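Trainee: sequence first, predicted model second:
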There are 2 protein chains.
Amino acid sequence: MTTLKPVTVYDIAREANVSVATVSRVLNNTAPVKKSTREKIVELINKYQFQPNALARSLSKKVTGMIGVILPDITNPFFPEVLAGLEQEARSKGYTFFLCDTVSTNGDSKEQYERESQYLNILLEKQVDGIVIIGGRINLARPTKEHVNEVIEVSKRVPTVLINGSLPGHPMNRVFADEREGAELATQHLIDLGHRDIAFAGGYRGMSNTLQRIQGYVRTMERNGLAVRKEWLLDGGFSVESGKRFMNQLLQMEERPTAIFCANDLVAIGVMKVAYKAGLQVPQDLSLIGFDDIPYAANSIPELTTVSLKGYDVGRGAADMLHQLITKSKASKNTRVRPELIIRETTTPPR
Amino acid sequence: MTTLKPVTVYDIAREANVSVATVSRVLNNTAPVKKSTREKIVELINKYQFQPNALARSLSKKVTGMIGVILPDITNPFFPEVLAGLEQEARSKGYTFFLCDTVSTNGDSKEQYERESQYLNILLEKQVDGIVIIGGRINLARPTKEHVNEVIEVSKRVPTVLINGSLPGHPMNRVFADEREGAELATQHLIDLGHRDIAFAGGYRGMSNTLQRIQGYVRTMERNGLAVRKEWLLDGGFSVESGKRFMNQLLQMEERPTAIFCANDLVAIGVMKVAYKAGLQVPQDLSLIGFDDIPYAANSIPELTTVSLKGYDVGRGAADMLHQLITKSKASKNTRVRPELIIRETTTPPR
């Protein structure tokens, strides 16, 4: 007796070049499927001798071929890149996506976390095959016990992967860019150019991603024997508007930095805007480095030097890990993606 | 006997400040709901004497409080603004969203339309209360019969609203920005500044939104007795990259325009980038006007003059219309949103 390769509905979907939802429709006869597509699927089921047992298992497990992605704010241009990688990889395996945007339009983060709870519930009800969580509560330096437990309970019932976040004290399956290393690269680049007076601007101290970036900055300054000035450590936002605010604050100080490491590219754009209006030339009067490498970074004038967090690779890695969890293949618990320094036109030696 | 106000689950959800899905969970007892929330909902059901009949109707109609939004590409910064308006308005009425991104990562539009079909099927299966469609096949100047029929069939089964698109020959519920009027505003602004040599760059001739923009441009040129030069009518993309390509084409011509009306802001950014590298000053050597007013338009250096398509208002209008259709209130068939000229720093009189 030959051992049959354990073919899954995902394999069938991939080879038929359709979604798992379509295969599921044929298997369950729940909705009409185009005749040619149906025939192709039936043919593959026969070809691989897709087992009645496997079939029954698929049905009883209610494989839906659907993945829910919970994300905090699709208007942040960093997320689309992550989603592009995630979708590319997962679609090639036959999955379909629901994006669940939890952004609170009035900026109320409590409302955002409630919406996360709501979507977690709904995704369970809708019986998705897996869940990916980006941002929100998993980026909090100190999430509440309730918020943590909710995610843990969900992850027991359906495969769950966290992107660029974690639940302190609870090992979860996660794919993340090394933010601290990214901050070290950015700071060292400025120091290597000859800067000594370097500010850090942006983010929120209550968020773990900001703390990691600040840590990378502080460590690198200290390793190079340079002082970190408290008044040059500005936080309170990830937006263009907050970047403008930070630069206005710096402009009013008697002593100013020669370079600013911005917590993300949007902040750098806001800083650059105000610097320009104040008559400062970037990079001659002020060097700027961003973080994220959003699509616009390469198109600003001058083009923004930044650190790529490899969003596309992170997204792809998350899809891979989730697929392994869903199909019960061996999955690593953590995948770390290394950032890359992207040198463009906004950094130069100080005058 | 007093006539009771016909209270719906949406009213209950709004007043309890929860989603309809949560109310539905209490009514159906399908999943746990926090005790305080449950009590608030039960209290409101009693307060309004929410009728067993209405309750039965809700259950048999399987009100889910969920809306599916099918959109072509969340990386296009125009869509988030539409979604912000849509979400703000619909959430205040208790709805929850699923975003269905149909973008084809390899740029294959056939694949994109297939994905639209797939999502339409899945949203029907998941029994959403309503569907919003933005972009994709509804922007085609000549969609296939099959693509049209599919949307019409779906709209018979579940309330459906189209944003900024249409199905030629088939009146559908739709909310749209008047693109032709926007193009007229843009072209007239350049003419009023004294420009005579005006190019149009961007979009795809196969898409109705591009044709409307070109029509507005051509009409306004003709109304002012100005010639439209075929070689200055460039199309083939909505991206920054295509904008770069258009500007490189124009740079190689013997006679060049003094102003360019770009089919969207991303194209304008690409044009500006290449103009800058070629040593041309914007707006002194070349005036540029974009279209869409994406968030970045106000942050580029110089700031981009553009036409706002009022994405936020369009999104809000669509949520309103959909809610009216779902609750069987009187809904207008069409809502037209008027664009607005936003004058910033990239347009000035020709030398």
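Mentor: Received, thanks.
Trainee: contacting residues around residue A:72?
Mentor: Listed by CB atoms under 8 Å, 6 or more residues apart in numbering or on different chains, the contact partners of residue A:72 are A:79, A:101-103, A:112, A:134-136. All C-beta spots, glycine's among them, are computed from the backbone N, C-alpha and C.
Trainee: now, the most widely separated pair of those?
Mentor: Using CB to CB, the contacts of residue A:72 span at most 14.3 Å, a distance reached by A:79 and A:112.
Trainee: which parts of the stretch 151-300 of chain A sit against chain B?
Mentor: Within reach of chain B by CB under 8 Å from any CB of the partner chain, the stretch 151-300 of chain A has these residues: A:240, A:269-270, A:272-273, A:276, A:295-296, A:299-300.
Trainee: mind doing that once more with 7 Å?
Mentor: Residues of the stretch 151-300 of chain A lying near chain B by CB under 7 Å from any CB of the partner chain: A:240, A:269, A:273, A:276, A:296, A:299.
Trainee: top of the residues you listed by neighbour count?
Mentor: When neighbours are counted by other CB atoms under 10 Å in any protein chain shown, residue A:269 leads these with 25 neighbours.
Trainee: name the element that one belongs to?
Mentor: Using DSSP states H and E, the element containing residue A:269 is helix A:265-277.
Trainee: I'd like the average pLDDT over that helix.
Mentor: Helix A:265-277 carries an average pLDDT of 96.
Trainee: what's the answer for stretch A:295-313, then?
Mentor: Stretch A:295-313 carries an average pLDDT of 94.
Trainee: what are the buried residues along that stretch?
Mentor: Neighbour-count burial for stretch A:295-313 flags A:295-297, A:299-313 (criterion: 16 or more other CB atoms under 10 Å in any protein chain shown).
Trainee: got the CA positions of it in CSV?
Mentor: What follows is stretch A:295-313 as a C-alpha-only set of coordinates in CSV (Å, rounded to 0.1, in the frame of the first residue of the first chain):
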residue,chain,number,x,y,z
PRO,A,295,6.2,54.8,-1.0
TYR,A,296,6.4,58.6,-0.8
ALA,A,297,9.9,58.6,0.8
ALA,A,298,11.5,58.1,-2.6
ASN,A,299,9.3,60.8,-4.2
SER,A,300,9.7,63.8,-1.9
ILE,A,301,12.0,66.6,-2.9
PRO,A,302,14.7,66.1,-1.6
GLU,A,303,14.3,62.3,-1.4
LEU,A,304,14.1,61.0,2.2
THR,A,305,16.9,58.9,3.7
THR,A,306,15.1,56.3,5.9
VAL,A,307,15.1,52.8,7.3
SER,A,308,13.1,50.2,5.5
LEU,A,309,11.2,47.8,7.9
LYS,A,310,10.7,45.5,5.0
GLY,A,311,7.0,45.5,5.3
TYR,A,312,6.5,43.4,2.2
ASP,A,313,8.8,40.6,3.6
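Trainee: in a markdown table: the contacts of residue A:72, plus neighbour count, distance to residue B:331 and secondary structure.
Mentor: Formatted as a markdown table, the entries for those read as follows, by neighbours: other CB atoms under 10 Å in any protein chain shown; distance: CB to CB, whole Å; DSSP: H, G, I helix; E, B strand; the rest coil:
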| residue | neighbour count | distance to residue B:331 | secondary structure |
| --- | --- | --- | --- |
| A:79 | 26 | 33 | helix |
| A:101 | 23 | 25 | strand |
| A:102 | 25 | 29 | coil |
| A:103 | 22 | 27 | coil |
| A:112 | 18 | 31 | helix |
| A:134 | 26 | 36 | strand |
| A:135 | 24 | 36 | coil |
| A:136 | 23 | 34 | helix |
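Trainee: show me which of the residues you listed neighbour chain B.
Mentor: residue A:101.
Trainee: and which of the contacts of residue A:72 is nearest residue A:69?
Mentor: For the contacts of residue A:72, the nearest to residue A:69 is residue A:134 (7.0 Å; CB to CB).
Trainee: show me the contacts for the closest one.
Mentor: Residue A:134 sits next to A:71-72, A:79, A:82, A:163-164 when contact means CB atoms under 7 Å, 6 or more residues apart in numbering or on different chains.
Trainee: what would the residues you listed look like in TSV with pLDDT and secondary structure?
Mentor: Formatted as TSV, the contacts of residue A:134 follow (pLDDT from 0 to 100; DSSP: H, G, I helix; E, B strand; the rest coil):
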residue	pLDDT	secondary structure
A:71	92	strand
A:72	87	coil
A:79	86	helix
A:82	92	helix
A:163	96	strand
A:164	93	coil
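Trainee: just those residues now: which is nearest residue B:250?
Mentor: Set against residue B:250, the nearest of those by CB to CB is residue A:79 (34.1 Å).
Trainee: find the nearest non-adjacent residue to that closest one, please.
Mentor: Excluding the flanking residues, the one nearest residue A:79 by CB to CB, 6 or more residues apart in numbering or on different chains is residue A:71, at 5.6 Å.
Trainee: contacts only, for that neighbour.
Mentor: Counting by CB under 7 Å, 6+ apart, residue A:71 makes contact with A:79, A:99, A:101, A:134-135.
Trainee: ditto for residue A:350
Mentor: A:194-195, A:258.
Trainee: just give me the closest of these to residue A:24.
Mentor: The shortest approach to residue A:24 among the contacts of residue A:350 belongs to residue A:195, at 57.4 Å (CB to CB).
Trainee: which pLDDT does the model give the closest one?
Mentor: 98.
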